[in-house]
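Trainee: the following comprises the amino acid sequence and a computationally predicted model.
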Amino acid sequence: MASPRTRRLKIDHELLRSRFTDWPVIQITATAGMPPELYRFTYALKGLFVNATGEILERDSHVLEINLSLDYPRRSPQCRMLTPVFHPNFDDATVCIGDFWAASEGLDDLVIRIGRMIAYQEYNTRSPLNGLAARWAAEHVAMLPIDSRIVAPPHDQREPETTLDATAVEVSGVDFN
């Protein structure tokens, strides 16, 4: 019988595939492991980055890597951008998700939240990883969000068994058996 972690990894992978297949805003572009423990996602969203001369510019494509450690899901996934993002809650090495992660949260919801962060639909300037980006966001609130499109696919994209009852949606596919 598979371990609880292996079952969770399988459920996460099935849900990610069902939720993001044919969704142009977020695509799974690579995985490693069986079941996957490492993912790459490409976001087709407007976000910001700083070029070599220090200018803040828009970018339409962003790549995220998520590593699911041996302590996952008790410990939050390790998330880092492979394309630079100018955002209060991103730095060169990580994406700040610690304040938000709970083991019952679905990996799909986390991927969507990071997309909303890239687009400046969500950000936290009170405890930033990037103080310059936090100051910029506070001074340019009228320009935000950078991309106002809906990041999450419609819920009918999910497989039927994940939407049959409220409990399945609340725990995002975690198998407690």
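Mentor: Nice, thanks for sending it over.
Trainee: quick one: contacts for the residue nearest the centre of the chain?
Mentor: In the chain, the residue lying closest to the centroid (CA atoms, centre = their mean) is Val111, at 2.3 Å. Shown here is Val111, whose contacts under the criterion CB atoms under 8 Å, 6 or more residues apart in numbering are 16, 20, 26, 41, 64, 66. Bear in mind the C-beta positions are built from the backbone N, C-alpha and C, glycine included.
Trainee: what comes up buried for the helix ranked longest in the chain?
Mentor: Counting by DSSP state H, the longest helix found in the chain is helix 4-20. When burial is assessed from 16 or more other CB atoms under 10 Å, helix 4-20 yields the following buried residues: 5, 7-13, 15-16, 18-20.
Trainee: so which of those residues comes closest to Ala103?
Mentor: Proximity to Ala103 was ranked across the buried residues of helix 4-20 by CB to CB; first place goes to Arg8, at 8.8 Å.
Trainee: circling back: the residue nearest to the centre of the chain - that's part of a strand, no?
Mentor: No - with DSSP: H, G, I helix; E, B strand; the rest coil as the criterion, Val111 is helix rather than part of a strand.
Trainee: sorry, back to before: which element follows the longest helix of the chain toward the C-terminus?
Mentor: Scanning the chain past helix 4-20 towards its C-terminal end, the next helix or strand to appear is strand 26-32 (assignment: DSSP states H and E).
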